[in-house]
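*Asks:* Got a predicted structure here, sequence first:
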Amino acid sequence: MISRPRRPNQATRWVVSAVAAAFLALLTFWSARGIGFSFLELFGNLGKMSRLISESFPPAWNFWPRLIGPFIETVQIAVIGTLIGSLFALPLAILAARTVSPSKPVFWFHRNLMSVLRTMPDLFWAMLFASAVGFGPFAGSLALIVFTVAIVSKLTAESIESIDMNLTEAVKASGGNWFEMVRFSALPQFLPQYVSYVLYAFELNIRASTVLGLVGAGGIGMVLNTQRTTFQYDRVTMIVLFVFAMVLLIEQLSAAARRRLV
């Protein structure tokens, strides 16, 4: 007879659940003490928050025409970052995919390179490039290039590792080299997912380029930071609503395009 693994009884499950809950509670308490988190302080400052909200509404509706130019610059930053970054991400993903990488040293080098790129956030790259090439949209586009490479290469490499390897073996068996195997077998299988990831990265870059403007990387984020530092909260609200509407529109268009591809 085949012995079945014994399931833990009800008492054991309660003990495990109680220990896990106690651990999470202690971890939460330790973290709250470490950062000075306090509900009393939060509720004690509700008056300041209500004053901030009252100063933010109604939005400065007459300010929105001045946002079109900076938002176009934000889109331009995202376009450059997405297109150039995705071009660099494609060969990196192929070389970092375990199933199609030409050798283990090549695989490990490019896999670790992807890890390094993902370690640093986009704000770090924006500040780094702003120090190197100066404040403005050029620094923001360079930061988004690195950010796009990190995101698209990781997602694409995982898609490559799930393709049908029988097709790649058939190309090799017919005398094809590594480049022909990638071109005629692997690439057609993961190309729709790759394009979908590029569109997804563009959505992320629209939002990221807005945040990058807060550190001087151009776009509508610089306008947002200027209005915030001058306490023009009604204009800040207008900027937030404008960006929300534009991002929502771009997301809907991108989602429709991805549904047709995958």
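*Replies:* It's in.
*Asks:* how far does stretch 147-156 sit from the chain's center?
*Replies:* Remark: stretch 147-156 is offset 9 Å from the chain centroid, using Cα atoms, centre = their mean, to the nearest Å.
*Asks:* which regions of the stretch 1-150 of the chain lie under the pLDDT threshold?
*Replies:* 1-9 (pLDDT under 70).
*Asks:* what about 50?
*Replies:* 1 (pLDDT under 50).
*Asks:* residues touching residue 237, list them.
*Replies:* Contacts here follow Cβ atoms under 8 Å, 6 or more residues apart in numbering; on that basis residue 237 touches 56-57, 59-60. Quick note: C-beta positions are derived from backbone N, CA and C, even for glycine.
*Asks:* swap that for residue 26, sorry
*Replies:* Residue 26 makes no contacts at all, as judged by Cβ under 8 Å, 6+ apart.
*Asks:* Then residue 102?
*Replies:* Contacts of residue 102 (Cβ under 8 Å, 6+ apart): 95, 178.
*Asks:* Quick check: pLDDT value at residue 232.
*Replies:* pLDDT for residue 232: 86.
*Asks:* do you know how far it is from residue 223?
*Replies:* Separation of residue 232 from residue 223 (Cβ to Cβ, to the nearest Å): 10 Å.
*Asks:* from the contacts of residue 237, which would you call buried?
*Replies:* Among the contacts of residue 237, those classed as buried by 16 or more other Cβ atoms under 10 Å are 56, 59-60.
*Asks:* now, which of those residues sits nearest residue 91?
*Replies:* Among those, residue 59 lies closest to residue 91 (Cβ to Cβ), at 45.6 Å.
*Asks:* quick one: what helix or strand has the closest one in it?
*Replies:* According to DSSP states H and E, residue 59 maps onto no helix or strand at all.
*Asks:* Likewise for residue 224?
*Replies:* Short version, using DSSP H and E: residue 224 is in helix 220-229.
*Asks:* check contacts around the residue most central in space within the chain.
*Replies:* By Cα atoms, centre = their mean, the chain has its centre lying nearest to residue 204, at 5.4 Å. With contact set as Cβ under 8 Å, 6+ apart, residue 204 has these partners: 147, 151.
*Asks:* Could you report the pLDDT at it?
*Replies:* Looking at residue 204, its pLDDT is 87.
*Asks:* Can you give me the distance of it to residue 148?
*Replies:* 8 Å.
*Asks:* same question, residue 55
*Replies:* Computed with Cβ to Cβ, the distance linking residue 55 and residue 148 is 37 Å.
*Asks:* Could you do residue 86 as well?
*Replies:* Residue 86 is 6 Å from residue 148, where distance means Cβ to Cβ.
*Asks:* of those two, who's got more company?
*Replies:* Neighbour count, other Cβ atoms under 10 Å: between residue 86 and residue 148, residue 148 has more, with 30 against 24.
*Asks:* OK, contacts around that one?
*Replies:* Applying Cβ under 8 Å, 6+ apart to residue 148 gives the contacts 81-82, 84-86, 89, 201, 205.
*Asks:* if we go to 7 Å?
*Replies:* Counting by Cβ atoms under 7 Å, 6 or more residues apart in numbering, residue 148 touches 81-82, 85-86, 89, 201, 205.
*Asks:* Over to residue 85?
*Replies:* Residues near residue 85 by Cβ under 7 Å, 6+ apart: 144-145, 147-149, 152.
*Asks:* Now the nearest residue to residue 218 once chain neighbours are set aside, what are its backbone angles?
*Replies:* Distance criterion Cβ to Cβ, 6 or more residues apart in numbering; nearest residue to residue 218, sequence neighbours excluded, is residue 137 at 3.1 Å. Dihedral angles of residue 137 (phi, psi; degrees, to the nearest 10) stand at phi -70, psi -30.
*Asks:* Surely residue 84 is in contact with residue 145?
*Replies:* Yes - shown here, residue 84 and residue 145 form a contact pair, counting by Cβ atoms under 7 Å, at 5.1 Å.
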